[in-house]
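In: next comes the sequence, and after it the predicted model I'd like to discuss.
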Amino acid sequence: MIEAWTADEIRAAEKPLLDAGTPLMDRAARALARTALADVARRRSAGSSPRLRLAGALGSDGVPGPGRVRPPRRHGVSRNAAHGARAVLLVGAGNNGGDALFAGAHLARSGMRVTAFLVASAVHAEGLAALEAAGGEVIARSELRVPVVVEQVAAADVVLDGLVGVGSRGALRPPSGGIVRALVESRAAAEATGAPWPWVIAVDVPSGIGVDDGSVPGPVLPADRTLTFGAHKPGLLLPPAAHVAGVVEVADVGLGAAQGPQVPGTLRMEEADAAAVLRVPGVRDHKYTRGVVGVVAGTEKYPGAGVLVAAGAVRSGAGMVRALGPTTVTDRILTRHPEVVTAGGRVQSWVLGPGIPSDGSDAGQDRRVYGALAAVTGVLDAEVTGGVVPAVIDAGAMAMLEHRLPEIAVLTPHAGELAELMRGLGHEVDRADIEAEPVRWARAAQRATGATVLLKGAVTVIVGSGVTFAQAEAPAWLATAGAGDVLAGLLGTLLAARADDVLADPSLTSRVAAAAVVLHGRAGALASGGGPVSATDVADALPRVIADVLAR
Ligand SMILES: NC(=O)C1=CN([C@@H]2O[C@H](COP(=O)(O)OP(=O)(O)OC[C@H]3O[C@@H](n4cnc5c(N)ncnc54)[C@H](OP(=O)(O)O)[C@@H]3O)[C@@H](O)[C@H]2O)[C@H](O)CC1
Ligand SMILES: [K+]
């Protein structure tokens, strides 16, 4: 599990070490210089564009970010093939700028031509002295001209963004904001024309992101790599800031000995954590103990959603799947999945709503959803409903909520559906608002409904009470019709298998939901192999992915 530390938690952890004279900045700067040297050397030796040359450091699909994570690395600087390369430092007033200056001094001593642009009249004094002593060029704030910065950056091999780190407050102020805005424009123009553009390393965090909440309140220079010190910061995991962090790597500066957050609020689940959520059947298990998933999905208009939910549930190892609906839907499900049962009966989880439009056009499916929701919320007698069980509430079912939900109910909207849900709750928001601040709105929905909220996107956010998971394993190819239906079925299976545990401890729900997102993303990546993928392919890849995750 990757646990992010907020700015305050980082400061609390650093304080005793700094008080004891631990050279944290020296370690940070060495790690930074070592990373910059290695990146530039690799870029030079491969002889193509920086992004392609560093493909080994990127995801299997070659896409830098969002928020891809590499294991911690020890500090230390070695001289290498970067001799004569050009580095530009963007240096702010605080210690983040200090890191960049000391790293720049190492780079200058390694034979790089280093230019530092100071955006403040007073910057880290020792760092500045070190850079000057190492022969680096320094452009003071009073001499700063935006076109010159743009020109020098465009001609550089590597840029260290040290404008601001965990001390950041709000959007970048002048002159940093103006410089970064001009650099973003220059980068876009270079991309459009195929002109070269340097490799950008963010020092600790891309300057200008919301370190604790993942917001992007103003201009930010997108990084190819973020070297972050001591521990992840929430903004490196959460969207939209995660999209500008590139490949995220933690430099171990020795904070490990310090106390981290007691209850980390932002997490990224890894494969081993997903494996721990799965319930592996034992010799005493039978189909009912493994969990029955009840599915109310698909209508005459959208029958495929029922088929795909069933596929996700069956292929991820449900003890049994019960699919309820009109025969046009159930017949299709049975054709593809003859193991599905279409008669009513007890279930350990519900998947409600995929392929059911919110226009009331299928009264039968609406009635089944309302009945199941009554079971989930416990408003109807257990004798009638079969008892309270966890549920996945998707698509049309999200428009049928009449009661506050328990945490064992998982809402699975995409941005447009979350906007609709929040408008129904009296908030004036549209899809663009949700995309700009997905974490804020997912948290608002969690508070307003009581449910666990799984907001789908390039980085999927899962919000339970007091915890947010941010998962980024899905390839962009997974943004395809029906993929969400497969996820709903898969999550239904995981919830059914852990129903007793989830009922005993509802806070487990977000963890189960995050595990489903990990497996779904991995299945998408396996089925895609770097190319297009269909929702059916994703479902078909689930058994292999689950076996692989369990074998590790
Ligand atoms: N975690 C570790 O182990 C280590 C981290 N280190 C580095 O130190 C920074 C944190 O340094 P700090 O000096 O506390 O803060 P920053 O450098 O991030 O920023 C403070 C200055 O930035 C100005 N600021 C704040 N917001 C903005 C903004 N929106 N636009 C422009 N300027 C901004 C702020 O000015 P104020 O007037 O607001 O006070 C400060 O001047 C951490 O990120 C690491 O890089 C150490 O090296 C030790 C190891
Ligand atoms: K920075």
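Out: Perfect, I can see it now. Ligands and ions are numbered 1, 2, ... in the order given.

In: how about the residues of the chain by ligand 1?
Out: 10, 14, 24-25, 28, 92-97, 99, 164-173, 176, 203-204, 229-230, 253, 255 (C-beta under 6 Å from any ligand atom). In short, each C-beta sits where N, CA and C put it, glycine included.

In: so which of those residues would count as near ligand 2 as well?
Out: Residues of the residues of the chain next to ligand 1 in contact with ligand 2 (C-beta under 5 Å from the ion): 96, 165, 203.

In: compare those residues and tell me which is most surrounded.
Out: Across those, neighbour numbers were computed from other C-beta atoms under 10 Å; Val203 holds the maximum, 31 neighbours.

In: Asn95 is in contact with that one, correct?
Out: No - Val203 is beyond contact range of Asn95, at 9.8 Å (criterion: C-beta atoms under 8 Å).

In: find residues that contact each of these two.
Out: Gly165 (C-beta atoms under 8 Å, 6 or more residues apart in numbering).

In: related to what we said a few turns ago, can you lay out the ones next to ligand 2 among the residues of the chain next to ligand 1 as a markdown table showing pLDDT, secondary structure and distance to Leu454?
Out: Output for these, formatted as a markdown table (pLDDT from 0 to 100; DSSP: H, G, I helix; E, B strand; the rest coil; distance: C-beta to C-beta, whole Å):
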| residue | pLDDT | secondary structure | distance to Leu454 |
| --- | --- | --- | --- |
| Asn96 | 98 | helix | 34 |
| Gly165 | 98 | coil | 31 |
| Val203 | 98 | strand | 33 |
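
In: pick the one among those closest to ligand 1.
Out: Set against ligand 1, the nearest of these by C-beta to the nearest ligand atom is Gly165 (2.0 Å).

In: quick one: residues contacting the closest one.
Out: Gly165 neighbours (C-beta under 8 Å, 6+ apart): 94-96, 99, 203-205, 207, 211.

In: between these, which is nearest ligand 1?
Out: The closest of the contacts of Gly165, once distances to ligand 1 are taken by C-beta to the nearest ligand atom, is Gly94, at 2.2 Å.

In: excluding chain neighbours, what is closest to that closest one?
Out: Residue nearest to Gly94 in three dimensions, not counting chain neighbours: Gly167, with 4.9 Å by C-beta to C-beta, 6 or more residues apart in numbering.

In: what's the neighbour count on that neighbour?
Out: Gly167: 14 neighbours (other C-beta under 10 Å).

In: measure it to Asn95 for me?
Out: As for Gly167, its distance to Asn95 is 7 Å (criterion: C-beta to C-beta, to the nearest Å).

In: what residue ranges in the stretch 251-400 of the chain are flagged as low confidence?
Out: The stretch 251-400 of the chain contains residues with pLDDT under 70 at 257-260, 380-386.

In: setting aside sequence neighbours, what's the nearest residue to the residue of it found nearest ligand 1?
Out: The stretch 251-400 of the chain approaches ligand 1 most closely through Val253 (4.6 Å), counting by C-beta to the nearest ligand atom. Of all residues not flanking Val253 in the chain, Arg27 sits nearest, at 4.2 Å (C-beta to C-beta, 6+ apart).

In: can you tell me the SS state at the one you found?
Out: helix (DSSP: H, G, I helix; E, B strand; the rest coil).

In: that one contacts Gly230, correct?
Out: No - counting by C-beta under 8 Å, Arg27 does not reach Gly230; the two are 9.5 Å apart.

In: quickly list what's touching both of the two.
Out: With C-beta under 8 Å, 6+ apart as the test, Arg27 and Gly230 both reach 251, 253-254.

In: get me the contact residues on the chain for ligand 2.
Out: 96, 161, 165, 203, 207.

In: and the fourth one, how close does it get to Ala251?
Out: Taking C-beta to C-beta as the criterion, Val203 is separated from Ala251 by 10 Å.

In: between the two, which contacts overlap?
Out: With C-beta under 8 Å, 6+ apart as the test, Val203 and Ala251 both reach 32, 227.

In: got the contact list for the nearest residue to Tyr302 once chain neighbours are set aside?
Out: Setting aside the residues directly before and after it, Tyr302 is nearest to Gly355 in space (C-beta to C-beta, 6+ apart), at 3.6 Å. Applying C-beta under 8 Å, 6+ apart to Gly355 gives the contacts 297-299, 301-306, 309, 329, 395-396, 485.

In: one more time with 6 Å
Out: Neighbouring residues of Gly355 by C-beta atoms under 6 Å, 6 or more residues apart in numbering: 297-299, 302, 305-306.

In: which among these end up buried?
Out: 297-299, 302, 305-306 (16 or more other C-beta atoms under 10 Å).

In: returning to what we had before: report the two of the residues of the chain next to ligand 2 separated the most.
Out: Asp161 and Gly165 (9.7 Å; C-beta to C-beta).

In: secondary structure class for Asp500?
Out: helix.
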